[in-house]
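>>> Sequence first, then the predicted structure:
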Amino acid sequence: MNTGIQLLLIIGIISTVMMSCKDRPVQQTDHTHPEIVTQDIPQEFLKFYMNFLSDTTFQKEHILFPLKQKSDGTKWAKAEWVCHKPYNDNGEFQQQFSNMNGLILETITDPKGLYQLERRYMPSSNSYAMIYFSVMNAFENSEDWNKE
């Protein structure tokens, strides 16, 4: 091989290695097994999270109402709360968890960026509490959304 081709091959290999080593957000690909989430997310949170999504009484007790914020700027109230269930979409959406100095951020997005759900949890006593919930839907305020 001539030197130019060898140099291009070496640059290509180095580029591939560097791209595969960059930091990525924590993703949960098997939506029924939260233990896949890396060590950045505390095990205590994962236990809380599974209980939070499976027990409606526990869920309401671990939300700091009034919860910020609806798309119209108003807050979520305990009386109107519809309990959240475990995330399971067969791969159509992407779920990510981030740990920001103990504050756990969960986002669920569609690949086109038209829908995003965000929940934030903070440590509270010996558990966690959801302190923020927001749903962003690109169609919500469009003319198509308002048609019956």
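Noted; the coordinates are in hand. Residues are numbered from 1 along each chain as shown.
>>> low pLDDT regions in this structure?
For the chain, the stretches flagged by pLDDT under 70 are 1-39, 89, 139-148.
>>> Do you have the helices of it handy? List them.
Secondary structure of the chain (DSSP state H): helices at 3-21, 43-54, 56-61, 143-146.
>>> how much space is there between residue 117 and residue 101?
From residue 117 over to residue 101 the distance is 22 Å, taken as CB to CB, to the nearest Å. The way it works is simple: take the backbone N, C-alpha and C, and place the C-beta from them, glycine included.
>>> Comparing those two, which shows the higher neighbour count?
More crowded of residue 117 and residue 101, by other CB atoms under 10 Å: residue 117, with 18 against 4.
>>> Next, the contact list for that one, please.
With contact set as CB atoms under 8 Å, 6 or more residues apart in numbering, residue 117 has these partners: 107-109, 133-136.
>>> swap the cut-off to 10 Å and go again
84, 87, 93, 95, 106-110, 133-137 (CB atoms under 10 Å, 6 or more residues apart in numbering).
>>> Based on its surroundings, how many neighbours for the residue lying closest to residue 115 once chain neighbours are set aside?
Once flanking residues are discounted, residue 115 sits nearest to residue 137: 5.5 Å by CB to CB, 6 or more residues apart in numbering. Residue 137 sits with 14 neighbouring residues when counted by other CB under 10 Å.
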